[in-house]
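# how would this look folded up:
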Amino acid sequence: MSIQLFIVCAYIVLLFGISFWAKKKADKGSTEYLFAGRKLSSLLIAVNITGLAVGAASTVGVAEKAYNIGMAAGWYNAAWSAGAIVMGLVAAGKYRALKATTIPELFERYYDTKGRLISALGLVIIMLVITSLQYLAGGAILSALLPEVFSFKGGMLTSAVVFIGITLIGGLWSSGLSNIVSVLLIYLGVLYSAYTSVSSVGGLDALQAALPQAQNMLSPVAGMSLSAILAFFVVMITQAITAQGPVQIACGAKDAKTAKRGFLYGAALIFPIGFLCALLGIVARVSFPDISATMALPKVVMSLNPWASGVTLAAMWAADVSTACTILLAAGTLFAQDIYKRFLHPSVSDKQFMLVNRLTVLGCGILTLWLAFNAVGILKTMLAGLSMTAPLTVIFLFTVFAPSLCKKNAAFYTTVVGLIGIVAWAYLPALHVFKDVIYFEWVICVITFLIVYVVDPTPIKVPKLEEED
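Reported below is the predicted structural model:
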(Lines give C-alpha, C1' and ligand atoms only; values in the text may rest on other atoms or scores of the structure.)
Protein backbone atom coordinates (compact mmCIF):
# COMPACT_ATOMS: atom_id res chain seq x y z
CA MET A 1 0.00 0.00 0.00
CA SER A 2 1.35 3.45 -0.92
CA ILE A 3 1.86 6.09 1.75
CA GLN A 4 -0.79 8.31 0.16
CA LEU A 5 -3.38 5.54 0.16
CA PHE A 6 -2.51 4.62 3.75
CA ILE A 7 -3.10 8.22 4.92
CA VAL A 8 -6.43 8.48 3.08
CA CYS A 9 -7.60 5.12 4.49
CA ALA A 10 -6.55 6.14 8.00
CA TYR A 11 -8.54 9.36 7.61
CA ILE A 12 -11.64 7.43 6.48
CA VAL A 13 -11.37 5.05 9.45
CA LEU A 14 -11.02 8.02 11.82
CA LEU A 15 -14.09 9.73 10.35
CA PHE A 16 -16.25 6.64 10.73
CA GLY A 17 -14.93 6.13 14.26
CA ILE A 18 -16.02 9.65 15.18
CA SER A 19 -19.38 9.09 13.50
CA PHE A 20 -20.15 5.90 15.41
CA TRP A 21 -19.20 7.64 18.66
CA ALA A 22 -21.49 10.56 17.72
CA LYS A 23 -24.30 8.10 16.93
CA LYS A 24 -24.90 7.64 20.67
CA LYS A 25 -25.87 11.31 20.88
CA ALA A 26 -27.70 11.42 17.54
CA ASP A 27 -29.93 8.45 18.37
CA LYS A 28 -31.50 10.29 21.32
CA GLY A 29 -33.99 12.03 19.03
CA SER A 30 -34.53 14.04 15.87
CA THR A 31 -33.37 17.29 17.50
CA GLU A 32 -30.09 15.62 18.46
CA TYR A 33 -29.67 14.12 14.97
CA LEU A 34 -30.57 17.23 12.96
CA PHE A 35 -29.43 20.03 15.29
CA ALA A 36 -26.97 18.40 17.72
CA GLY A 37 -29.50 18.92 20.50
CA ARG A 38 -28.93 22.69 20.13
CA LYS A 39 -25.74 22.22 22.15
CA LEU A 40 -23.00 23.26 19.71
CA SER A 41 -20.25 25.43 21.24
CA SER A 42 -18.62 28.39 19.50
CA LEU A 43 -15.71 26.12 18.49
CA LEU A 44 -18.02 23.56 16.88
CA ILE A 45 -19.98 26.34 15.17
CA ALA A 46 -16.69 27.78 13.83
CA VAL A 47 -15.33 24.49 12.44
CA ASN A 48 -18.75 23.58 11.03
CA ILE A 49 -19.10 26.80 9.06
CA THR A 50 -15.45 26.55 7.98
CA GLY A 51 -15.98 22.97 6.88
CA LEU A 52 -19.10 24.00 4.99
CA ALA A 53 -17.34 26.90 3.25
CA VAL A 54 -14.06 25.19 2.39
CA GLY A 55 -15.17 22.59 -0.12
CA ALA A 56 -14.61 21.77 -3.77
CA ALA A 57 -15.12 25.32 -5.03
CA SER A 58 -12.91 26.82 -2.32
CA THR A 59 -9.91 24.57 -3.03
CA VAL A 60 -9.88 22.78 -6.39
CA GLY A 61 -12.16 25.39 -8.00
CA VAL A 62 -10.11 28.36 -6.75
CA ALA A 63 -6.81 26.79 -7.87
CA GLU A 64 -8.38 26.07 -11.27
CA LYS A 65 -9.39 29.70 -11.68
CA ALA A 66 -6.04 30.98 -10.33
CA TYR A 67 -4.18 28.93 -12.97
CA ASN A 68 -5.64 31.35 -15.53
CA ILE A 69 -6.14 34.65 -13.69
CA GLY A 70 -3.90 34.56 -10.62
CA MET A 71 -4.28 35.42 -6.95
CA ALA A 72 -7.60 37.25 -7.45
CA ALA A 73 -9.35 33.86 -7.49
CA GLY A 74 -8.86 33.78 -3.72
CA TRP A 75 -11.56 36.42 -3.30
CA TYR A 76 -14.07 33.59 -3.50
CA ASN A 77 -13.12 32.45 0.01
CA ALA A 78 -12.78 36.04 1.20
CA ALA A 79 -16.38 36.54 0.09
CA TRP A 80 -17.43 33.41 2.02
CA SER A 81 -15.66 34.86 5.05
CA ALA A 82 -17.62 38.10 4.63
CA GLY A 83 -20.81 36.04 4.42
CA ALA A 84 -19.99 34.34 7.72
CA ILE A 85 -19.36 37.74 9.34
CA VAL A 86 -22.69 39.13 8.13
CA MET A 87 -24.49 35.95 9.19
CA GLY A 88 -22.90 36.22 12.63
CA LEU A 89 -23.68 39.89 13.13
CA VAL A 90 -27.10 40.05 11.48
CA ALA A 91 -28.88 36.71 11.36
CA ALA A 92 -27.36 33.82 13.36
CA GLY A 93 -28.56 35.06 16.72
CA LYS A 94 -32.06 35.73 15.40
CA TYR A 95 -32.38 32.21 13.97
CA ARG A 96 -31.33 30.72 17.28
CA ALA A 97 -33.57 33.09 19.27
CA LEU A 98 -36.58 32.06 17.17
CA LYS A 99 -35.79 28.37 17.78
CA ALA A 100 -36.29 27.89 14.04
CA THR A 101 -35.16 24.76 12.23
CA THR A 102 -35.31 25.90 8.60
CA ILE A 103 -35.91 29.05 6.57
CA PRO A 104 -39.22 27.63 5.21
CA GLU A 105 -40.45 27.07 8.78
CA LEU A 106 -39.56 30.67 9.58
CA PHE A 107 -41.44 31.87 6.52
CA GLU A 108 -44.59 30.02 7.57
CA ARG A 109 -44.48 31.63 11.01
CA TYR A 110 -44.41 35.08 9.44
CA TYR A 111 -46.17 34.54 6.11
CA ASP A 112 -48.21 31.50 5.03
CA THR A 113 -48.10 27.80 4.19
CA LYS A 114 -47.50 28.19 0.46
CA GLY A 115 -44.51 30.41 1.23
CA ARG A 116 -43.05 27.57 3.26
CA LEU A 117 -43.65 24.98 0.55
CA ILE A 118 -42.15 26.93 -2.37
CA SER A 119 -39.10 28.01 -0.38
CA ALA A 120 -38.55 24.42 0.79
CA LEU A 121 -38.62 23.14 -2.79
CA GLY A 122 -36.21 25.87 -3.92
CA LEU A 123 -33.76 25.20 -1.11
CA VAL A 124 -33.81 21.44 -1.68
CA ILE A 125 -32.79 22.05 -5.30
CA ILE A 126 -29.95 24.34 -4.19
CA MET A 127 -28.66 21.85 -1.62
CA LEU A 128 -28.78 18.96 -4.09
CA VAL A 129 -26.82 20.89 -6.74
CA ILE A 130 -24.09 21.89 -4.28
CA THR A 131 -23.81 18.41 -2.78
CA SER A 132 -23.40 16.88 -6.24
CA LEU A 133 -20.38 19.10 -6.85
CA GLN A 134 -18.63 17.66 -3.82
CA TYR A 135 -18.88 14.16 -5.30
CA LEU A 136 -17.50 15.49 -8.58
CA ALA A 137 -14.51 17.06 -6.84
CA GLY A 138 -14.01 14.03 -4.60
CA GLY A 139 -13.83 11.73 -7.61
CA ALA A 140 -11.45 14.07 -9.42
CA ILE A 141 -9.12 14.32 -6.42
CA LEU A 142 -8.92 10.60 -5.73
CA SER A 143 -8.57 9.56 -9.36
CA ALA A 144 -5.94 12.22 -10.11
CA LEU A 145 -3.75 11.52 -7.11
CA LEU A 146 -4.23 7.76 -6.80
CA PRO A 147 -4.91 6.67 -10.41
CA GLU A 148 -3.65 3.17 -9.74
CA VAL A 149 -6.43 2.74 -7.13
CA PHE A 150 -9.33 4.96 -8.22
CA SER A 151 -10.93 5.65 -11.55
CA PHE A 152 -12.94 8.87 -11.73
CA LYS A 153 -16.16 6.92 -11.24
CA GLY A 154 -14.59 4.86 -8.47
CA GLY A 155 -13.43 8.02 -6.71
CA MET A 156 -16.92 9.46 -6.88
CA LEU A 157 -18.47 6.27 -5.52
CA THR A 158 -15.94 6.12 -2.68
CA SER A 159 -16.63 9.76 -1.86
CA ALA A 160 -20.37 9.08 -1.90
CA VAL A 161 -20.05 6.14 0.50
CA VAL A 162 -18.07 8.24 2.97
CA PHE A 163 -20.21 11.39 2.64
CA ILE A 164 -23.50 9.54 2.96
CA GLY A 165 -22.27 7.12 5.61
CA ILE A 166 -20.97 9.76 8.01
CA THR A 167 -24.11 11.87 7.69
CA LEU A 168 -26.41 8.87 7.97
CA ILE A 169 -24.78 7.63 11.15
CA GLY A 170 -24.34 10.70 13.32
CA GLY A 171 -26.17 13.67 11.79
CA LEU A 172 -25.00 17.15 12.82
CA TRP A 173 -23.05 15.76 15.77
CA SER A 174 -21.04 13.61 13.38
CA SER A 175 -20.49 16.49 10.98
CA GLY A 176 -19.48 18.88 13.75
CA LEU A 177 -16.99 16.60 15.47
CA SER A 178 -15.54 15.35 12.17
CA ASN A 179 -14.99 18.93 11.07
CA ILE A 180 -12.52 19.48 13.92
CA VAL A 181 -10.30 16.87 12.27
CA SER A 182 -11.09 18.01 8.72
CA VAL A 183 -10.36 21.72 9.28
CA LEU A 184 -7.09 20.90 11.07
CA LEU A 185 -6.09 18.61 8.20
CA ILE A 186 -7.02 21.21 5.59
CA TYR A 187 -4.82 23.83 7.23
CA LEU A 188 -1.87 21.44 7.66
CA GLY A 189 -2.07 20.23 4.07
CA VAL A 190 -2.62 23.56 2.35
CA LEU A 191 -0.06 25.50 4.42
CA TYR A 192 2.64 22.89 3.92
CA SER A 193 1.88 22.52 0.21
CA ALA A 194 1.95 26.28 -0.35
CA TYR A 195 5.28 26.68 1.45
CA THR A 196 6.92 23.66 -0.21
CA SER A 197 5.68 24.34 -3.72
CA VAL A 198 6.72 28.01 -3.67
CA SER A 199 10.15 27.02 -2.32
CA SER A 200 10.51 24.45 -5.12
CA VAL A 201 10.31 27.18 -7.78
CA GLY A 202 12.78 29.46 -5.97
CA GLY A 203 10.47 31.65 -3.89
CA LEU A 204 7.92 34.35 -4.69
CA ASP A 205 10.33 36.52 -6.71
CA ALA A 206 11.31 33.62 -8.93
CA LEU A 207 7.67 32.63 -9.26
CA GLN A 208 6.74 36.14 -10.41
CA ALA A 209 9.61 36.22 -12.90
CA ALA A 210 8.48 32.93 -14.44
CA LEU A 211 4.90 34.08 -14.98
CA PRO A 212 3.61 35.78 -18.15
CA GLN A 213 4.88 39.35 -18.03
CA ALA A 214 1.59 40.77 -19.23
CA GLN A 215 -0.11 39.57 -16.06
CA ASN A 216 0.70 40.40 -12.46
CA MET A 217 -0.73 37.10 -11.29
CA LEU A 218 0.50 37.46 -7.72
CA SER A 219 -1.53 40.63 -7.24
CA PRO A 220 -4.87 40.03 -5.50
CA VAL A 221 -6.48 42.89 -7.45
CA ALA A 222 -5.31 41.97 -10.95
CA GLY A 223 -6.97 39.38 -13.17
CA MET A 224 -10.57 40.06 -12.16
CA SER A 225 -12.75 43.10 -12.58
CA LEU A 226 -14.14 44.87 -9.54
CA SER A 227 -17.67 43.90 -10.57
CA ALA A 228 -16.71 40.22 -10.72
CA ILE A 229 -15.12 40.35 -7.27
CA LEU A 230 -18.16 42.21 -5.96
CA ALA A 231 -20.38 39.49 -7.43
CA PHE A 232 -18.52 36.94 -5.29
CA PHE A 233 -19.35 38.97 -2.19
CA VAL A 234 -22.98 39.51 -3.11
CA VAL A 235 -23.51 35.80 -3.81
CA MET A 236 -21.73 34.53 -0.70
CA ILE A 237 -23.29 37.03 1.69
CA THR A 238 -26.69 36.29 0.17
CA GLN A 239 -26.39 32.51 0.58
CA ALA A 240 -24.76 32.68 4.03
CA ILE A 241 -27.91 34.27 5.44
CA THR A 242 -30.50 31.85 4.06
CA ALA A 243 -28.96 28.64 2.68
CA GLN A 244 -29.97 25.74 4.92
CA GLY A 245 -26.38 24.76 5.75
CA PRO A 246 -25.48 27.96 7.65
CA VAL A 247 -29.01 28.20 9.09
CA GLN A 248 -28.84 24.63 10.43
CA ILE A 249 -25.48 25.31 12.05
CA ALA A 250 -26.82 28.49 13.69
CA CYS A 251 -29.90 26.65 14.93
CA GLY A 252 -27.66 24.01 16.54
CA ALA A 253 -25.91 26.54 18.80
CA LYS A 254 -26.30 26.57 22.59
CA ASP A 255 -27.77 30.07 22.41
CA ALA A 256 -27.86 33.18 20.25
CA LYS A 257 -24.60 34.60 21.62
CA THR A 258 -22.76 31.35 20.90
CA ALA A 259 -24.13 31.31 17.35
CA LYS A 260 -22.89 34.84 16.67
CA ARG A 261 -19.45 34.24 18.12
CA GLY A 262 -18.99 30.91 16.31
CA PHE A 263 -19.69 32.45 12.90
CA LEU A 264 -17.20 35.25 13.53
CA TYR A 265 -14.50 32.75 14.53
CA GLY A 266 -15.33 30.72 11.44
CA ALA A 267 -14.91 33.78 9.21
CA ALA A 268 -11.31 34.12 10.41
CA LEU A 269 -10.61 30.47 9.57
CA ILE A 270 -12.20 30.64 6.10
CA PHE A 271 -10.40 33.75 4.81
CA PRO A 272 -6.79 32.54 4.21
CA ILE A 273 -7.56 29.22 2.50
CA GLY A 274 -8.66 30.74 -0.80
CA PHE A 275 -5.50 32.78 -1.36
CA LEU A 276 -3.32 29.81 -0.35
CA CYS A 277 -5.09 27.58 -2.90
CA ALA A 278 -4.82 30.37 -5.48
CA LEU A 279 -1.07 30.43 -4.84
CA LEU A 280 -0.93 26.69 -5.55
CA GLY A 281 -2.77 27.30 -8.82
CA ILE A 282 -0.18 29.92 -9.80
CA VAL A 283 2.69 27.54 -8.99
CA ALA A 284 1.01 24.97 -11.23
CA ARG A 285 0.94 27.56 -14.05
CA VAL A 286 4.75 27.79 -13.86
CA SER A 287 5.54 24.16 -13.09
CA PHE A 288 2.98 22.54 -15.42
CA PRO A 289 2.14 25.10 -18.15
CA ASP A 290 0.51 22.59 -20.52
CA ILE A 291 -2.02 20.88 -18.24
CA SER A 292 -5.76 21.44 -17.98
CA ALA A 293 -6.54 24.13 -15.39
CA THR A 294 -8.73 21.69 -13.48
CA MET A 295 -5.59 19.64 -12.73
CA ALA A 296 -3.71 22.58 -11.20
CA LEU A 297 -4.06 21.59 -7.55
CA PRO A 298 -3.75 17.80 -8.07
CA LYS A 299 -0.57 18.22 -10.16
CA VAL A 300 1.15 20.40 -7.56
CA VAL A 301 0.24 17.96 -4.81
CA MET A 302 1.58 15.04 -6.84
CA SER A 303 4.96 16.77 -7.05
CA LEU A 304 5.41 16.72 -3.26
CA ASN A 305 7.07 13.95 -1.26
CA PRO A 306 4.79 10.96 -0.46
CA TRP A 307 3.94 11.96 3.12
CA ALA A 308 3.26 15.57 2.17
CA SER A 309 1.18 14.60 -0.85
CA GLY A 310 -0.72 12.05 1.25
CA VAL A 311 -1.59 14.61 3.92
CA THR A 312 -2.53 17.19 1.30
CA LEU A 313 -4.60 14.66 -0.60
CA ALA A 314 -6.47 13.85 2.59
CA ALA A 315 -6.82 17.58 3.26
CA MET A 316 -8.29 18.26 -0.18
CA TRP A 317 -10.65 15.38 0.22
CA ALA A 318 -11.44 16.53 3.77
CA ALA A 319 -12.63 19.81 2.29
CA ASP A 320 -15.19 17.89 0.24
CA VAL A 321 -16.18 15.65 3.15
CA SER A 322 -16.74 18.60 5.49
CA THR A 323 -18.90 20.48 2.97
CA ALA A 324 -20.84 17.51 1.61
CA CYS A 325 -21.88 16.14 5.01
CA THR A 326 -23.36 19.44 6.21
CA ILE A 327 -25.15 20.17 2.94
CA LEU A 328 -26.43 16.61 2.56
CA LEU A 329 -27.88 16.81 6.08
CA ALA A 330 -29.40 20.19 5.20
CA ALA A 331 -31.10 18.77 2.10
CA GLY A 332 -32.50 15.87 4.14
CA THR A 333 -33.72 18.23 6.86
CA LEU A 334 -35.57 20.43 4.38
CA PHE A 335 -37.44 17.50 2.87
CA ALA A 336 -38.15 15.74 6.16
CA GLN A 337 -39.14 18.83 8.17
CA ASP A 338 -40.76 21.08 5.62
CA ILE A 339 -42.38 18.63 3.23
CA TYR A 340 -42.82 15.18 4.83
CA LYS A 341 -43.65 16.17 8.41
CA ARG A 342 -45.45 19.40 7.57
CA PHE A 343 -47.59 18.21 4.66
CA LEU A 344 -47.50 14.41 4.37
CA HIS A 345 -47.47 13.05 7.93
CA PRO A 346 -47.82 15.77 10.61
CA SER A 347 -48.47 13.25 13.41
CA VAL A 348 -45.32 11.18 12.79
CA SER A 349 -43.66 9.97 16.02
CA ASP A 350 -40.13 11.09 16.83
CA LYS A 351 -38.83 7.53 16.38
CA GLN A 352 -40.43 7.25 12.95
CA PHE A 353 -39.23 10.73 12.07
CA MET A 354 -35.65 9.73 12.86
CA LEU A 355 -35.99 6.87 10.38
CA VAL A 356 -37.49 9.22 7.78
CA ASN A 357 -34.57 11.62 8.26
CA ARG A 358 -32.01 8.90 7.69
CA LEU A 359 -33.85 7.49 4.67
CA THR A 360 -34.10 11.02 3.25
CA VAL A 361 -30.35 11.56 3.67
CA LEU A 362 -29.77 8.23 1.89
CA GLY A 363 -32.17 9.14 -0.92
CA CYS A 364 -30.66 12.62 -1.37
CA GLY A 365 -27.20 11.08 -1.39
CA ILE A 366 -28.06 8.68 -4.18
CA LEU A 367 -29.80 11.41 -6.20
CA THR A 368 -26.89 13.82 -5.85
CA LEU A 369 -24.45 11.13 -6.96
CA TRP A 370 -26.46 10.81 -10.19
CA LEU A 371 -26.47 14.60 -10.58
CA ALA A 372 -22.70 14.68 -10.12
CA PHE A 373 -22.16 12.83 -13.38
CA ASN A 374 -23.90 15.70 -15.19
CA ALA A 375 -22.18 18.66 -13.50
CA VAL A 376 -19.41 20.69 -15.12
CA GLY A 377 -17.45 23.76 -14.03
CA ILE A 378 -17.32 23.53 -10.25
CA LEU A 379 -17.03 27.22 -9.41
CA LYS A 380 -19.47 28.38 -12.10
CA THR A 381 -22.11 25.80 -11.15
CA MET A 382 -21.66 26.55 -7.46
CA LEU A 383 -22.19 30.30 -7.94
CA ALA A 384 -25.28 29.72 -10.09
CA GLY A 385 -26.78 27.40 -7.46
CA LEU A 386 -26.05 29.77 -4.60
CA SER A 387 -27.61 32.67 -6.52
CA MET A 388 -30.95 30.92 -6.05
CA THR A 389 -30.88 31.98 -2.39
CA ALA A 390 -31.37 35.64 -3.39
CA PRO A 391 -35.19 35.66 -3.01
CA LEU A 392 -34.94 34.00 0.40
CA THR A 393 -32.41 36.56 1.62
CA VAL A 394 -34.54 39.43 0.35
CA ILE A 395 -37.52 38.05 2.27
CA PHE A 396 -35.49 37.48 5.42
CA LEU A 397 -33.99 40.99 5.47
CA PHE A 398 -37.33 42.69 4.88
CA THR A 399 -38.90 40.51 7.58
CA VAL A 400 -36.28 41.34 10.20
CA PHE A 401 -35.55 44.98 9.40
CA ALA A 402 -38.69 46.29 7.66
CA PRO A 403 -41.67 44.20 8.82
CA SER A 404 -44.06 47.05 8.02
CA LEU A 405 -43.36 46.43 4.32
CA CYS A 406 -44.09 42.70 4.58
CA LYS A 407 -47.39 41.25 3.42
CA LYS A 408 -48.80 37.73 3.68
CA ASN A 409 -48.14 36.66 0.07
CA ALA A 410 -44.68 38.24 -0.27
CA ALA A 411 -42.69 35.09 0.57
CA PHE A 412 -44.49 32.97 -2.02
CA TYR A 413 -44.39 35.35 -4.95
CA THR A 414 -40.84 36.59 -4.33
CA THR A 415 -39.52 33.01 -4.20
CA VAL A 416 -41.42 32.03 -7.36
CA VAL A 417 -40.07 35.03 -9.27
CA GLY A 418 -36.53 34.31 -8.04
CA LEU A 419 -36.66 30.68 -9.22
CA ILE A 420 -38.14 31.66 -12.58
CA GLY A 421 -35.44 34.33 -12.89
CA ILE A 422 -32.63 31.75 -12.61
CA VAL A 423 -34.15 29.65 -15.40
CA ALA A 424 -34.88 32.69 -17.58
CA TRP A 425 -31.29 33.95 -17.19
CA ALA A 426 -29.94 30.61 -18.42
CA TYR A 427 -32.05 30.53 -21.58
CA LEU A 428 -32.68 34.19 -22.48
CA PRO A 429 -29.42 36.08 -23.18
CA ALA A 430 -31.41 39.27 -23.73
CA LEU A 431 -31.85 39.45 -19.95
CA HIS A 432 -28.10 39.75 -19.38
CA VAL A 433 -28.22 43.50 -18.76
CA PHE A 434 -26.26 42.88 -15.56
CA LYS A 435 -22.75 41.45 -15.28
CA ASP A 436 -23.88 38.53 -13.15
CA VAL A 437 -27.10 36.66 -12.42
CA ILE A 438 -26.97 37.56 -8.71
CA TYR A 439 -27.58 41.25 -9.51
CA PHE A 440 -30.50 40.34 -11.75
CA GLU A 441 -31.93 38.15 -8.97
CA TRP A 442 -31.72 40.90 -6.36
CA VAL A 443 -33.40 43.46 -8.62
CA ILE A 444 -36.37 41.29 -9.65
CA CYS A 445 -36.87 39.94 -6.11
CA VAL A 446 -36.85 43.36 -4.42
CA ILE A 447 -39.24 44.72 -7.07
CA THR A 448 -41.57 41.73 -6.60
CA PHE A 449 -41.54 42.10 -2.82
CA LEU A 450 -42.46 45.80 -3.05
CA ILE A 451 -45.21 45.12 -5.63
CA VAL A 452 -46.78 42.62 -3.22
CA TYR A 453 -46.59 45.28 -0.50
CA VAL A 454 -48.65 47.59 -2.69
CA VAL A 455 -51.30 45.10 -3.84
CA ASP A 456 -51.67 42.76 -0.84
CA PRO A 457 -53.68 44.23 2.08
CA THR A 458 -52.90 41.44 4.58
CA PRO A 459 -49.96 42.08 6.96
CA ILE A 460 -47.66 39.33 8.22
CA LYS A 461 -47.69 37.69 11.64
CA VAL A 462 -44.86 38.71 13.96
CA PRO A 463 -43.86 35.94 16.41
CA LYS A 464 -41.96 36.87 19.54
CA LEU A 465 -38.23 36.20 19.71
CA GLU A 466 -36.32 35.01 22.77
CA GLU A 467 -33.57 37.26 24.10
CA GLU A 468 -30.58 37.01 21.76
CA ASP A 469 -27.87 37.63 24.35
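
# give me the number of residues near the closest residue to Phe6 other than its chain neighbours?
Excluding the flanking residues, the one nearest Phe6 by CB to CB, 6 or more residues apart in numbering is Gly310, at 7.1 Å. No exception for glycine: its C-beta is placed from N, CA and C like everyone else's. Residues lying near Gly310 (other CB atoms under 10 Å) number 24.

# quick one: Gly310 is in a helix?
Yes. Using DSSP: H, G, I helix; E, B strand; the rest coil, the assignment for Gly310 is a helix.

# Now do the contacts for it.
Taking CB atoms under 8 Å, 6 or more residues apart in numbering as the criterion, Gly310 is in contact with Ser2, Ile3, Gln4, Leu5, Phe6, Ile7, Val8.

# Give me the residues contacting whichever strand or helix holds the fifth one.
Phe6 is part of helix 3-26, with elements assigned from DSSP states H and E. Residues outside helix 3-26 that contact it (CB under 8 Å, 6+ apart): 1, 32-33, 36-37, 142, 145-146, 149, 162, 165-166, 169-174, 177-178, 181, 185, 306-307, 309-311, 313-314, 317-318, 321.

# In strands, which of those fall?
Among the contacts of helix 3-26, no member falls in strands (criterion: DSSP state E).

# Can you say which of those are buried?
32-33, 36-37, 142, 145-146, 149, 162, 165-166, 169-174, 177-178, 181, 185, 309-311, 313-314, 317-318, 321 (16 or more other CB atoms under 10 Å).

# Out of these, which sit inside helices?
Among those, the ones falling in helices (DSSP state H) are 32-33, 142, 145, 162, 165-166, 169-174, 177-178, 181, 185, 309-311, 313-314, 317-318, 321.

# List the buried residues for the strand or helix carrying Val361?
Assigned by DSSP H and E, Val361 belongs to helix 350-372. Buried residues in helix 350-372, counting neighbours by 16+ other CB under 10 Å, are found at 353-354, 356-358, 360-362, 364-365, 368-369, 372.

# Got a quick PyMOL command for the buried subset of the contacts of Gly310?
To isolate in PyMOL the members of the contacts of Gly310 that are buried, counting by 16+ other CB under 10 Å, one can use:
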select buried, resi 4+5+7+8
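
# For stretch 184-200, list every residue counted as buried.
Buried residues in stretch 184-200 (16+ other CB under 10 Å): 185-190, 192-194, 196-198, 200.

# Identify, from the residues you listed, the entry nearest to Val394.
Nearest to Val394 among those: Ile186, at 32.7 Å, using CB to CB.

# how close does the closest one sit to Gly55?
Distance, Ile186 to Gly55, using CB to CB, to the nearest Å: 10 Å.

# Find residues that contact each of those two.
Counting by CB under 8 Å, 6+ apart, the contacts common to Ile186 and Gly55 are Ala319, Ser322.

# Kindly reformat the buried residues of stretch 184-200 as TSV containing pLDDT, distance to Pro220 and secondary structure.
Shown next, in TSV, are the buried residues of stretch 184-200 (pLDDT from 0 to 100; distance: CB to CB, whole Å; DSSP: H, G, I helix; E, B strand; the rest coil):
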residue	pLDDT	distance to Pro220	secondary structure
Leu185	85	26	helix
Ile186	84	21	helix
Tyr187	88	20	helix
Leu188	87	24	helix
Gly189	85	22	helix
Val190	88	17	helix
Tyr192	88	22	helix
Ser193	88	19	helix
Ala194	90	15	helix
Thr196	90	22	helix
Ser197	90	18	helix
Val198	92	16	helix
Ser200	89	22	helix
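
# can you list the residues you listed in TSV and add distance to Gln337?
Converted to TSV, the buried residues of stretch 184-200 look like this (distance: CB to CB, whole Å):
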residue	distance to Gln337
Leu185	31
Ile186	30
Tyr187	33
Leu188	36
Gly189	35
Val190	35
Tyr192	41
Ser193	40
Ala194	41
Thr196	46
Ser197	45
Val198	47
Ser200	50
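
# quick check, nearest of those to Ala330?
Taking CB to CB as the measure, Ala330 lies nearest Ile186 of these, at 20.3 Å.

# Give me the nearest residue to the closest one, chain neighbours excluded.
Ala315 (4.8 Å).

# Quick check: that neighbour touching Leu191?
No. Counting by CB atoms under 8 Å, Ala315 sits too far from Leu191 to count as a contact (9.4 Å).

# ok, Ser219 - how many residues close by?
Residues near Ser219, counting by other CB under 10 Å, number 12.

# quick one: low-confidence parts of the stretch 101-250 of the chain?
Flagging of the stretch 101-250 of the chain using pLDDT under 70 yields the residue ranges 213-215.

# Now stretch 18-32: buried residues?
Buried, per 16+ other CB under 10 Å, within stretch 18-32: Ile18, Ser19, Ala22, Lys23, Lys25, Ala26, Ser30, Thr31, Glu32.

# Take these and write them to JSON lines, including distance to Ala137.
Converted to JSON lines, the buried residues of stretch 18-32 look like this (distance: CB to CB, whole Å):
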{"residue": "Ile18", "distance to Ala137": "22"}
{"residue": "Ser19", "distance to Ala137": "21"}
{"residue": "Ala22", "distance to Ala137": "24"}
{"residue": "Lys23", "distance to Ala137": "27"}
{"residue": "Lys25", "distance to Ala137": "29"}
{"residue": "Ala26", "distance to Ala137": "26"}
{"residue": "Ser30", "distance to Ala137": "30"}
{"residue": "Thr31", "distance to Ala137": "31"}
{"residue": "Glu32", "distance to Ala137": "30"}
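
# and Cys445, how far is that from Val454?
Taken as CB to CB, the span from Cys445 to Val454 is 15 Å.
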